[in-house]
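1. predicted structure and sequence below. I'll ask about it afterward.
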Amino acid sequence: MANEPVVLAVMLAVFTAAVFVWKLPSGLALVLSAAAGALTAGEGLPVRHLVEGSFGYLDAVLIIATAMVLMKVVEAGGALGTISYGLMKWLYRWPSLLMIFVAFFVMFPGMLTGLSSACILTTGALVAPALQALGIPAASVGSLIAFLAVLGMVAPPINIPVMIIGGGVDMPYVGFDKPLLLATFPIAILTALYYRYRYVRTIVLEQVLSKLPPSLYVRHGMKLFLPLGLVVALMLSIRLFPQWVPDIGIPLIFMLGAVAGIFTGERFRFWPVARQGIREALPVMGILVGVGMFVQIMTLTGVRGFLAVGALQLPPALLCLGIALLMPAFGSAYAASSVLGVPLVYVFLGKNEIVIASALSLIAGIGDLMPPPMLLCSFAAQIVGEKNPWRILKECLPMILVSLLVGIAMILLADKVARLY
Amino acid sequence: MKKTVAHAFVCLFIFLLYPGTSPLPAQAADKLPQPVLISSAGQSADVAIAGMLCKKLSLQAKSQPLAKPADLQGIGTLMVVSGFSTKGLGAAGVSKEQEMERVKALLDAAREKKIRVITLHIGGKARRGGQSDDFNRLAAEASERLIVVRTGDEDQFFSSLAAGKKIPIDLVDKISDAMQPLGKIF
Amino acid sequence: MPLFPIHRIRALLLLAAAAAACLYAGKEFRKMNAPDTILPGQGVSRIRALKDYFPNLEGTRSDSAVYFLESGRPGPTVLVLGGTHPNEPAGFLAAVALVESLRVKAGRLIVVPQACQSGFTCTDPLEGYPQSYSLRSRSRLRTFRFGSRAANPVEDWPDPIIYRHFPSGQQLSGNETRNLNRAYPGKSDGTTTEKTAFAIMKLIRDEKVNLAFDLHEAAPEIPIINAIVTHEKGRELAAGALLGLELENLPYALELSPPNFHGLSHREWGDGTPAIPFLLETTNPVQGRLRGRTGASLAVDGQDRQYRLAQESGRMRITYDAGGEPLARRVGRHLRAIQAVLETYNELHPEGRVELEGIPSYEEIIRNGVGSLLQ
Ligand SMILES: [Zn+2]
């Protein structure tokens, strides 16, 4: 029966050793780390808990699997290349505008679904080739789409972390649009301009286009965009007309899009393409399964509470710093919102709780970039063909820092922020 | 324009210098007049409990959590039950700012009409700190007497406020103990 | 290339290990389908089920027993609901205690100990909850399931991303779709949880319930604990009960149901039926976000170091006694609070009283443990 800090240390040590010394995939490393934690805490090998935990992110796993199939289909059918091509041709004269448009385009699916993975796997993957063709280095493109995916998840109208916090403190999801807009849109524009001035000078259209796959618009016409149009139309209509359109779930929407994609562009064989998508998604899905086990064991052994109470015990001057460091360290926006977000709303009781919850969701959202899962960084690495997801994370650091500062400022000035709108 | 502002400052200055000119009546030796209007400052449900106390004391009282100045017509004493409740404000369908305005207007009207004002704080720690204390202070400073359940005064918020403003205060251990001072002053 | 290269063997072994783990865990999960044993006491006059009020529930995980304790003498009808949230054991056990030990001398009591029966068949992933906990009752060792906050996800899987409450259209996070206490007044052709809520509303109307209690617990960091939450029409009864409880050194807070927050029992029962609703909350470390080691003993003894530390930090209001928050204390509070409301009701309605017998005093429950309430 070891106490919580010891259990935590063992879990982290096993994870690190498994990844860096034994060179195991992160998913397996997490499984081992969880099992080691349970053993250290004197829980034996709690098979039921491990399996139960592996279901913690089942919905996310399904979304990722179906999104990958959809994107592979869209790529094979030619729509992916055509969109990149069209985007460049349309906006190359105004690089700043192009980058800002790209930013909101990437964020869009996340704004509708509240899922960061929906951004990076769909619109993020769509614009990545175009951004790379502009001459932005691969790791930087990865960091841009990964970070925009976080902003998309936090941006209104749908923000699941806020809903999770609201569920814990009995706060209906009303009145969050403006604070969330304030928390995300300025950062998104700033980020777009940062990348534009850092990497993009004038755009020589021919040069850029030569690096992209050819446009198939002439051959297939608007039909080419039908799968993506269907996906967007379904997502939008579920949001806009919930009384008439049933919520069939994101995975099914993506699958419908994928099926439509078989008939709307270049001919290709569906099964190999779908298999390729699943194969590429497998490491990240494995990580999510492992993280579920990891979190379940952290909770079972009291490590989760140890971390949460540790954060709350920080002296007031350090509390905000602690929040900025610890919330993202949960490695998952949802877990951080539930475990730390809810108590923190009570810690800041008396300030405008809508602004507080919005700010906390921004800080928690950073967790989707962070290890151990490094969910968004791993996907970004895959999309841009970068081997090392840690390089993506490193490239994200300036924006992460800005977001944390914005989040902390919103917490400290919550009442003033509330008067802004 | 400038003159008016200067005048206002002078008046404020004098007002602050001479607590004796404050419109709050000093210690009241006589009994408080009935009927009693029980209202809230912060919309916590504690108003219902105060109503129950008055009922048990057979006081002539009515509860109006959202009382407006017009409701003071024919009232002898205004009993303010202070404490903020997020649930409560939602229940009344008003924002914190609106509630603040209402309480200020009600207290101003009571002062104008020379209606006696007392404050009850019975919610303990749950109705302290954060958003509650704005209401607690507002109500207490306008009162000639405070009745406070001790768990709400562990940090001497009410007792030091009462000492500073020379407002008599009764600290009681339990809500039901508030019946004794209430019985004495009515 | 050999038929079985090393990586393939490794993969097969891993696959076999995963299959074995799933098989074992699957067995464990299925154990939770076995119903809890509730032993009706001599006060129980008949037993019905939710399906008798809404036949659609027949044969589903959500059907649940409804116990009638009738005195045969005129008086009000009181409904007590436990297990709305199956991870809040004090609410469930207080209702079981009524079924097993209470006798009604005037009026009648209807008890549904497992309002969200479906939630008793699983635990919440990532929460590390125990599947059951045990207590020594008057005659034997009793084991009860510790369930999940919401209904079993297999019923209407997957959750939508956004839960839209019927009929208000209020939006909550998708997992609240399975939360019974966000589903009222329910919907006859809705989700499993909406159907359960619909059946309970129907029960309240059909049985002409006068007073209705929904027994809950909350995480110690939630401000509304040791609280009576009621509808506007219950404020006087609740205020009277609160004064009575305070005399017994059981402090309570009174909270009014916010009219703009929909789906809650204290709102929708009050608006949609003639019943006066009361929701009671006690403190429950095992469902708190700050809790330390999680397990059956935390559910029963309520002793948690992390909550003690969090309370000492003074950062937020935490309802936690340094000596722990054992089930006996929480169940005792629920039982006393119900009686206090009924006593106030009797004072105000001398013509139609409800009289209960067989519930020990709060002190006796603390002294003899929660098991003393069970057969
Ligand atoms: Zn509950």
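-> Sure thing, it's come through. Numbers count the residues shown, from 1 in each chain, chains lettered A, B, ... in the order given.
2. now the residue nearest in space to the middle of chain C: which helix or strand?
-> In chain C, the residue lying closest to the centroid (Cα atoms, centre = their mean) is C:Gly83, at 2.7 Å. Assigned by DSSP states H and E, C:Gly83 belongs to no helix or strand.
3. against A:Met107, how distant is the spatially most central residue of chain A?
-> Taking Cα atoms, centre = their mean, the centroid of chain A lies closest to A:Ser116, which sits 3.0 Å from it. Separation of A:Ser116 from A:Met107 (Cβ to Cβ, to the nearest Å): 10 Å. The way it works is simple: take the backbone N, C-alpha and C, and place the C-beta from them, glycine included.
4. swap in C:Glu246?
-> With Cβ to Cβ as the criterion, C:Glu246 and A:Met107 are 53 Å apart.
5. comparing those two, which shows the higher neighbour count?
-> It is A:Met107, of C:Glu246 and A:Met107, that has more neighbours when counted by other Cβ atoms under 10 Å in any protein chain shown, with 26 against 20.
6. now that one: closest residue in space, sequence neighbours ignored.
-> Distances taken as Cβ to Cβ, 6 or more residues apart in numbering or on different chains put A:Gly152 closest to A:Met107, at 3.4 Å, once the chain neighbours are dropped.
7. list the contacts for that neighbour?
-> Listed by Cβ atoms under 8 Å, 6 or more residues apart in numbering or on different chains, the contact set of A:Gly152 reads A:Val106, A:Met107, A:Phe108, A:Pro109, A:Gly110, A:Met111, A:Ser116, A:Ala118, A:Cys119.
8. quick one, what contacts the fourth one?
-> Applying Cβ under 8 Å, 6+ apart, one finds that A:Pro109 lies in contact with A:Leu115, A:Ala118, A:Cys119, A:Thr122, A:Thr123, A:Gly152, A:Met235.
9. does the fourth one touch A:Leu70 like I think?
-> Put plainly, it is A:Thr122. Yes - counting by Cβ atoms under 8 Å, A:Thr122 does reach A:Leu70; the two are 7.0 Å apart.
10. joint contacts of these two?
-> Counting by Cβ under 8 Å, 6+ apart, the residues touching both A:Thr122 and A:Leu70 are A:Val231.
11. can you list the domains in chain C?
-> Chain C resolves into domains spanning C:1-31, C:36-373 when parsed by automatic domain parsing.
12. how about the first one: buried residues?
-> For domain C:1-31, a neighbour-count test (16 or more other Cβ atoms under 10 Å in any protein chain shown) marks C:Ala21, C:Ala25, C:Phe29 as buried.
13. shaky segments in chain A?
-> Applying pLDDT under 70 to chain A picks out residues A:1-2.
14. state which helix of it is the longest.
-> helix A:270-301 (DSSP state H).
15. also chain C?
-> Ranked by residue count, the top helix of chain C under DSSP H comes out as helix C:6-31.
16. just the mean pLDDT for it, thanks.
-> Mean pLDDT, helix C:6-31: 94.
17. tell me the helix or strand right after it.
-> strand C:46-49.
18. for that following strand, which outside residues touch it?
-> So strand C:46-49 is contacted by C:Pro40, C:Leu57, C:Asp63, C:Ser64, C:Ala65, C:Val66, C:Tyr67, C:Phe68, C:Glu70 (Cβ under 8 Å, 6+ apart).
19. secondary structure and neighbour count added to those, as TSV?
-> Shown next, in TSV, are the contacts of strand C:46-49 (DSSP: H, G, I helix; E, B strand; the rest coil; neighbours: other Cβ atoms under 10 Å in any protein chain shown):
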residue	secondary structure	neighbour count
C:Pro40	coil	17
C:Leu57	helix	21
C:Asp63	coil	21
C:Ser64	coil	24
C:Ala65	strand	18
C:Val66	strand	23
C:Tyr67	strand	25
C:Phe68	strand	19
C:Glu70	strand	16
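20. show me the two of the residues you listed that sit farthest apart.
-> Spatially, the most separated pair among those is C:Leu57 and C:Glu70, at 23.1 Å (Cβ to Cβ).
21. any weak-confidence spans in chain C?
-> Applying pLDDT under 70 to chain C flags the ranges C:1.
22. what does it put close to the ion?
-> Counting by Cβ under 5 Å from the ion, chain C comes close to the ion at C:His85, C:Glu88, C:His216.
23. quick one on the thing from earlier: so which of the domains of chain C is the most packed in?
-> domain C:36-373 (a mean of 21; mean count of other Cβ atoms under 10 Å in any protein chain shown).
24. stretch A:284-292 close to chain C?
-> Yes - interface with chain C: stretch A:284-292 contributes A:Gly292 (Cβ under 8 Å from any Cβ of the partner chain).
25. now do the buried residues in that stretch.
-> Neighbour-count burial for stretch A:284-292 [16+ other Cβ under 10 Å]: A:Val284, A:Met285, A:Gly286, A:Ile287, A:Leu288, A:Val289, A:Gly290, A:Val291, A:Gly292.
26. wait, the first one touches A:Cys377, no?
-> Going back to what we said before, that points to A:Val284. No - applying Cβ under 8 Å, one finds A:Val284 not in contact with A:Cys377, separated by 10.0 Å.
27. up against chain A, what does the stretch 1-150 of chain C have?
-> Residues of the stretch 1-150 of chain C lying close to chain A (Cβ under 8 Å from any Cβ) are C:Ala21, C:Cys22, C:Tyr24, C:Ala25, C:Glu28, C:Phe29, C:Thr123, C:Pro125, C:Leu126, C:Glu127, C:Gly128, C:Gln131.
28. list the contacts of A:Phe254.
-> A:Ile63, A:Thr66, A:Ala67, A:Val69, A:Leu70, A:Val231.
29. try B:Val103
-> For B:Val103, the contacting residues are B:Ala41, B:Gly42, B:Val80, B:Phe135, B:Leu138, B:Ala139, by Cβ under 8 Å, 6+ apart.
30. mind giving me the PyMOL select for the residues you listed, buried ones only?
-> Selection of buried members from the contacts of B:Val103 for PyMOL, criterion 16+ other Cβ under 10 Å:
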select buried, chain B and resi 41+42+80+135+138+139
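31. from the contacts of B:Val103, which is closest to A:Leu340?
-> B:Gly42 (28.5 Å).
32. ok, that closest one - contacts?
-> Contacts for B:Gly42 were tallied using Cβ under 8 Å, 6+ apart; they are B:82-85, B:88-89, B:99, B:103, B:127, B:131-132, B:135-136.
33. wait, which of those residues is closest to A:Leu131?
-> A:Leu131 has its nearest neighbour among the contacts of B:Gly42 in B:Gln131, at 46.9 Å by Cβ to Cβ.
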